[in-house]
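**Student:** I'd like to go over a predicted model; first the sequence, then the structure.
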Amino acid sequence: MPFGRRIAREKKTITAMMAIYCRDHHPGPKGLCVECVSLLDYAHRRLDTCPFQEEKPACNLCEVHCYSALMRERVREVMRYSGPRMLWPHPILSLGHILDKLRPAPQLKKATRGQTNKTPSDTTPE
């Protein structure tokens with residue numbers, strides 16, 4: 001399934017945030033540690049399956065909680081730390097993220113159980 005510009009930007013943003021966090025909290029060889037790679041892969045999978053796709057709101061404004069409680073807390077920790085540190089190295093991604101938080105969250109269309117797409121002409125009178 002091809003992904004649009006919005007999801008690609010979201011992936012770049014979380015990748016940049018994860019790099020800043022891992023660099024400052026898990027010193028070691030260049031690149032992400034195993035724990036951060038795992039969290040980043042999880043975040044990318046969540047973005048791939050977001051029901052809103054290109055209309056995606058900022059995660060903290062979303063009515064759909066697609067992260068498990070543990071992973072949501074881990075990503076929040078990364079974002080709390082990295083968010084303020086993103087402005088200088090990644091000003092465009094930072095601005096995009098800030099603007100996303102100002103945009104209202106769309107409503108998820110919910111299908112009712114057992115409802116079919118019949119028109120009145122499809123039903124027969126009893």
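**Tutor:** Received it, and whenever you're ready, just let me know what you need. Note that this is a predicted model, so its numbers are computed, not measured.

**Student:** quick one, helices of the chain?
**Tutor:** With DSSP state H as the criterion, the chain has helices at 5-25, 34-48, 69-82, 91-102.

**Student:** and those helices: which comes nearest Leu61?
**Tutor:** Closest of those to Leu61 is helix 91-102, at 7.0 Å (criterion: C-beta to C-beta). No exception for glycine: its C-beta is placed from N, CA and C like everyone else's.

**Student:** okay, angle between the closest one and helix 69-82 too, please.
**Tutor:** 130 degrees (axes from the mean of the first three to the mean of the last three C-alpha atoms, to 10 degrees).

**Student:** can you name the residues that contact the residue nearest to the spatial centre of the chain?
**Tutor:** Nearest to the mean C-alpha position of the chain, counting by C-alpha atoms, centre = their mean, stands Leu47 at 4.7 Å. Contacts for Leu47 were tallied using C-beta atoms under 8 Å, 6 or more residues apart in numbering; they are 3, 7, 10-11, 14, 56.

**Student:** cool, and Leu39?
**Tutor:** 18, 71, 74-75, 78.

**Student:** got it, and Tyr42?
**Tutor:** Tyr42 touches 67, 71, counting by C-beta under 8 Å, 6+ apart.

**Student:** I'd assumed Val37 was in contact with His26.
**Tutor:** No: in this structure, His26 is not within contact of Val37 by C-beta atoms under 8 Å, at 10.7 Å.

**Student:** now the contacts of Leu39 as CSV including distance to Asp100, neighbour count and pLDDT?
**Tutor:** CSV is the format used below for those (distance: C-beta to C-beta, whole Å; neighbours: other C-beta atoms under 10 Å; pLDDT from 0 to 100):
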residue, distance to Asp100, neighbour count, pLDDT
Met18, 18, 20, 97
Met71, 20, 15, 95
Arg74, 20, 19, 97
Val75, 15, 21, 94
Val78, 17, 20, 97
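
**Student:** sorry, back to before: deepest of the helices of the chain, which one?
**Tutor:** helix 5-25 (a mean of 17; mean count of other C-beta atoms under 10 Å).

**Student:** packing partners for that helix?
**Tutor:** In terms of contacts (3 or more C-beta pairs under 8 Å, 6 or more residues apart in numbering; DSSP states H and E), helix 5-25 is packed against helix 34-48, helix 69-82, helix 91-102.

**Student:** appreciated, that's everything.
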